[in-house]
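Participant: let me see the structure of the following:
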Amino acid sequence: MPEITLRAMRFHTLVGILPHEREITQPIEIDLTVRVSDGAHDGVVDYRALYQIAADVVRAGPIDFLEDIGDRIATGALAHSARVRQARVAVRKPHVPLGGPLDHVEVVVERVADA
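Facilitator: A predicted model of the protein is given here:
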């Protein structure tokens, strides 16, 4: 199946369970890859709509976990078009204070469309 990838979408959002994470936006970066069926008869996969799905999720308000962001985006991508058969979302959060050098934390969520 062909793949479509939107790589390194960048947003600032309220994400996390700590008090300061509920008040101060943080940068996150998202990759969305969808695998699509070959048949154009099943509709068009609009890249703008896929971007908007991601933007709407992160702008919806405080989100507790990166996993929630990934799951909501993957679910939205699968619902966008009958051609979208699989969705893989990587959500990265830089600047996580874990006591040592760290570039970012990444959570990956993969979903498959119902048959």
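Participant: identify the residues contacting residue 69.
Facilitator: For residue 69, the contacting residues are 15, 28, 30, 57, 58, 63, 89, 91, 107, taking C-beta atoms under 8 Å, 6 or more residues apart in numbering as the criterion. Where C-beta positions appear, they are placed from N, C-alpha and C, glycine not excepted.
Participant: among the residues you listed, which ones are in helices?
Facilitator: With helices taken from DSSP state H, the overlap with the contacts of residue 69 comprises 57, 58.
Participant: which among the contacts of residue 69 count as buried?
Facilitator: Among the contacts of residue 69, those buried by neighbour count (16 or more other C-beta atoms under 10 Å) are 15, 28, 30, 57, 58, 63, 89, 91, 107.
Participant: the fourth one contacts residue 73, correct?
Facilitator: Yes. Residue 57 lies in contact with residue 73 (C-beta atoms under 8 Å); the separation is 5.2 Å.
Participant: and the helices in this protein, which stretches?
Facilitator: Counting by DSSP H, one finds helices in the chain at the ranges 47-59, 66-80.
Participant: so which of these is the most packed in?
Facilitator: Among those, helix 66-80 has the highest mean neighbour count (mean count of other C-beta atoms under 10 Å), at a mean of 20.
Participant: what's the angle from that helix to helix 47-59?
Facilitator: When axes from the mean of the first three to the mean of the last three C-alpha atoms, to 10 degrees is applied, the directions of helix 66-80 and helix 47-59 differ by 150 degrees.
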